[in-house]
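A.B. asks: Curious how this folds, go ahead:
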Amino acid sequence: MHVRAYLRASTKDQDANRAKGDLLRFAEERGLKIAASYIENESGASLARPELFRLLADCHPGDILLVEQVDRLSRLNAADWDRLKAEIQGRRVKVVALDLPTSWMMATANKDDIQSRMLDAINGMMLDMLAAIARKDYEDRRRRQAQGITKAKADGVYKGRPEDSERNAAIMTMLTNGQSWASIIAATGCSRSTLSRLSQRVKAEALGAEPTKG
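C.D. replies: Reported below is the predicted structural model:
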């Protein structure tokens, strides 16, 4: 049995490694060793998480997928959660979460078949419940954010997301140096619309015009 730690944060500005110490302590207290850690900055509301699926591909039957909280694993809608859960169950991987005490016994061996099946059933039910709560929290926050933006626009005070000046300056330097759009997108993760806007700004500056803001 191998323990594989999964650490996720939603954006590149957040520290996905934040909970690593807690996971290490949890494993050590139970005489376990974390074989590998899989770290990524991706939304839990999306299945497009290469590190999570690399973890699952590396697993053998009986391995443990260790997370700090169930919402690190899933903020997925019901259909996507069912797909991820089917992948986990198909590989016979045990999910253990620090915020799910019913899962902690999954990290210990020496259980008979009946006990193991009972634990699987209880843990599966609790996982479903916490995954649903995590999704509701995600949707509630998105709704409150949209309401706040609508009100700010109505009040004439909405300014949108602040510009990442340091990143944009680096992208403009890449453009000036003749790097391809594909290589810039791969290196920075920016969108094509952002790249197009910054390209126009570079051209405007080259012509001595006032660069467009945004």
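A.B. asks: What separates the first and last residues of stretch 103-116, distance-wise?
C.D. replies: Stretch 103-116 has an end-to-end distance of 11 Å (criterion: C-alpha to C-alpha, to the nearest Å).
A.B. asks: quick one: average pLDDT of that stretch?
C.D. replies: Per-residue pLDDT over stretch 103-116 has a mean of 73.
A.B. asks: who touches stretch 72-92?
C.D. replies: The set of residues that contact stretch 72-92 without belonging to it, under C-beta atoms under 8 Å, 6 or more residues apart in numbering, is 6-8, 19, 43-47, 52-53, 56, 59, 61-62, 65, 67, 95, 97, 124, 127-128, 131-132, 134-135, 137-138. Yep, even glycine has a C-beta here, placed from its N, CA and C like the rest.
A.B. asks: try 7 Å this time
C.D. replies: When contacts are defined by C-beta atoms under 7 Å, 6 or more residues apart in numbering, stretch 72-92 is touched by residues 6, 8, 44-45, 47, 56, 59, 61-62, 65, 67, 95, 131, 134-135, 138.
A.B. asks: Let's see it as PDB, backbone CA atoms only.
C.D. replies: Taking only C-alpha atoms (Å, rounded to 0.1, in the frame of the first residue of the first chain), the coordinates of stretch 72-92 have been written out as PDB:
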ATOM      1  CA  ARG A  72      -9.300  19.900  -2.400                       C
ATOM      2  CA  LEU A  73     -10.400  16.800  -4.300                       C
ATOM      3  CA  SER A  74     -13.700  18.000  -5.600                       C
ATOM      4  CA  ARG A  75     -15.900  21.100  -6.100                       C
ATOM      5  CA  LEU A  76     -17.300  19.300  -9.100                       C
ATOM      6  CA  ASN A  77     -20.900  19.200 -10.200                       C
ATOM      7  CA  ALA A  78     -22.700  15.900  -9.700                       C
ATOM      8  CA  ALA A  79     -22.000  14.400 -13.100                       C
ATOM      9  CA  ASP A  80     -18.300  15.200 -13.000                       C
ATOM     10  CA  TRP A  81     -18.000  14.000  -9.400                       C
ATOM     11  CA  ASP A  82     -19.600  10.700 -10.400                       C
ATOM     12  CA  ARG A  83     -17.000  10.400 -13.200                       C
ATOM     13  CA  LEU A  84     -14.100  11.100 -10.900                       C
ATOM     14  CA  LYS A  85     -15.500   8.800  -8.200                       C
ATOM     15  CA  ALA A  86     -15.900   6.000 -10.800                       C
ATOM     16  CA  GLU A  87     -12.200   6.400 -11.800                       C
ATOM     17  CA  ILE A  88     -11.200   6.200  -8.100                       C
ATOM     18  CA  GLN A  89     -13.300   3.200  -7.400                       C
ATOM     19  CA  GLY A  90     -12.300   1.500 -10.600                       C
ATOM     20  CA  ARG A  91      -8.700   1.700  -9.500                       C
ATOM     21  CA  ARG A  92      -9.600   0.600  -6.000                       C
END
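A.B. asks: buried sites along that stretch?
C.D. replies: Taking 16 or more other C-beta atoms under 10 Å as the basis for neighbour counts, the residues of stretch 72-92 that come out buried are 72-76, 81, 84-85, 88, 91.
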